[in-house]
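here you go, sequence then predicted model.
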Amino acid sequence: MPPPLSLGKILGPSVILAGLGVGSGEYIIWPFIAANVGITMLWAALVGITLQFFINMEIERYTLATGETAVVGFARYWKPFGIVFAILALVPFIFPGWATSAITILSFLAPIGEGSIPFITIIALIAMGIALTVSPVVYNTVEKAEFFKVGLTIVFLIIGIFAVLLPRGDILTDLGGVVTNFGQITTSDTVTVSVLLGAIVFAGAGGALNLAQSNYIRDKGFGMGEYIPKIVSPFTGEEQAEPATGAMMRQDEENLERWRGWWRVANIEHFITFWALCVFSIGIFSLIAYATVFDQGIAEAADFSFIQAEGEALKNIVGGWFGTLFWIFGFFSLLLTALAVIDNVCRVIADALKTIHLTDSSISESRVYFIAVWTIIAIGAAILLAGFDQPLVLLVLSAVANGFVMLVYIAMLLVLNRALPEAIKLKGLRLIIMIVCLLFFGFFAGWLILSSITGLFGA
């Protein structure tokens, strides 16, 4: 195992994951909940983000020790898991919800007719495909894009604190309700069980998106990932056809000392740039929504009427510039989220197919990745042309599907990391927390199933 690097040299993978969260739960779903039922449900966001921190660190544990992704580790128990997780990664994200959402918000700023949104979204998707295809090292491009987005998010939220929240001391006082109502679940006609499950799943990156943390830290050179080939452009990079099969680190004292160093710095990196940023952004975005459109009867529809109404309210409360800035931020944020989602999902697919099922093929993981990129873009375009273009509906459907994906891989992580050598295996408090994660997400998934069955039969 290579020596551990300093925190400054490994920042990046968790920034990408946090950036994915800002474009889903933080900007859209949790503010939607706050606008309808208030901020007392923010306790669930805090729990969801905290549990995802521990889940993601178990994804990182396996890759740090072996250089392989968690999905490849799953397939060592049963080879078809490669295809299974490729499908599980693809299906929830076939719907181009983030790109459609970005163009929907753009229509608040420019004279874009509703009928033009699907076509402009398709153009945006094609542009994203080109950007990924010509990047010499794809990870570096995505990391830079998400660093820019996270920086933009922090600047916007700081402005929001001073412009909206501090003048409203009563809003900050209401935060006490998050503590006093901890554990209480509030739903409504608009904040249904599926919306709530989606919000908890996307309190952070969520679902299958978390699995790509293996790929991110591998390409960044964490631990044994230093020895694994990176995804590069077929036009501008040097491809390697070998599958990204790793090797278990040696269990001598020198390597174990290096392991402890990597584990410590990886936890710090993920805590600062994932957990802290997600908690901060969900909290402030939700408070801004609560301060502007709560209980005004203008955020009842499952579409972007509440984002539009929030922007108009910000114009009235703060000034026209801030409402416009809110929409501009949303447009760029969701557009960059769409880029990162395509990259994320295709990494999982390419890794699973090449490393597990195409080991003897001359095709490189990079080429499998780009085939997956353009396949997802083509399917997304077909869906939009078919007329299925309601952005919040797309996001909620994706989130619900990802909730079930999480159940599967949490269970597999328990098996996978319990089988690691004794000195680095999952055990103790973290084992207990992972069991809690399985029960927590299992509860909400089961509740959704029962609610759906009850609604179907009118009981």
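Structure's in. What do you need?

what sits against the residue positioned nearest the centre of the chain?
Most central in the chain under CA atoms, centre = their mean is Ala205, positioned 2.0 Å from the mean C-alpha point. Going by CB atoms under 8 Å, 6 or more residues apart in numbering, Ala205 touches 17-18, 20-21, 24, 52, 344. To be clear about C-beta, it is placed using only N, CA and C from the backbone, and glycine gets the same treatment.

what does Leu109 give?
Per CB under 8 Å, 6+ apart, neighbours of Leu109: 324, 327-328, 331.

kindly report the same for Ala419.
Lys425.

swap in 7 Å and give it another go.
Contact analysis of Ala419 by CB atoms under 7 Å, 6 or more residues apart in numbering lists nothing.

next one: stretch 135-148 to chain centre, how far?
Counting by CA atoms, centre = their mean, to the nearest Å, stretch 135-148 is centred 16 Å from the centre of its parent chain.

same question but for stretch 168-187, I mixed them up
How far stretch 168-187 lies from its chain's middle: 25 Å, per CA atoms, centre = their mean.

could you do stretch 271-289 as well?
For stretch 271-289, the distance to the chain centre is 14 Å (CA atoms, centre = their mean).

i'd like the first residue to be 51 from this point on
Sure thing, new numbering starts at 51, so read that last one as stretch 321-339.

A helix includes the residue nearest to the centre of the chain, no?
No. Assessed with DSSP: H, G, I helix; E, B strand; the rest coil, Ala255 is coil; it does not lie in a helix.

following the top helix by length along the chain, which helix or strand comes up?
Assignment by DSSP state H gives helix 370-402 as the longest helix of the chain. Sequence order places helix 415-435 as the next helix or strand after helix 370-402, per DSSP states H and E.

that next one packs against which elements?
Packing partners of helix 415-435 (3 or more CB pairs under 7 Å, 6 or more residues apart in numbering; DSSP states H and E): helix 167-183, helix 370-402.

that older thread, how about the contacts of Ala255, which pair is most distant?
Greatest spatial distance among the contacts of Ala255 (CB to CB): Gln102 and Asn394, at 14.6 Å.

give me the low-pLDDT residue ranges for the chain?
For the chain, applying pLDDT under 70 flags the ranges 74-75, 252, 283-296, 347-353, 439-450, 499, 501-509.

quick check: Ile367 vs Ile209, distance?
Separation of Ile367 from Ile209 (CB to CB, to the nearest Å): 13 Å.

just how off-centre is the host helix or strand of Ala249 within its chain?
Ala249 is part of helix 243-251, with elements assigned from DSSP H and E. Averaging C-alpha positions (CA atoms, centre = their mean) puts helix 243-251 14 Å from its chain's average.

output the contacting helices and strands for it.
Helix 243-251 packs on helix 441-468, helix 478-507, going by 3+ CB pairs under 7 Å, 6+ apart.

how much space between Trp127 and Val134?
To be clear, residue 127 is Tyr; Trp isn't right here. From Tyr127 to Val134 the distance is 11 Å (CB to CB).

actually Val465, not the one I typed
Using CB to CB, Val465 is found at 15 Å from Val134.

and the two? Which one has more around it.
Set Val465 next to Val134 and count neighbours by other CB atoms under 10 Å: Val134 wins out with 16 against 12.

so which strand or helix has the more buried one?
Per DSSP H and E: Val134 is located in helix 131-140.

so which elements touch that helix?
helix 120-125, helix 370-402.

tilt between it and helix 415-435?
40 degrees (axes from the mean of the first three to the mean of the last three CA atoms, to 10 degrees).
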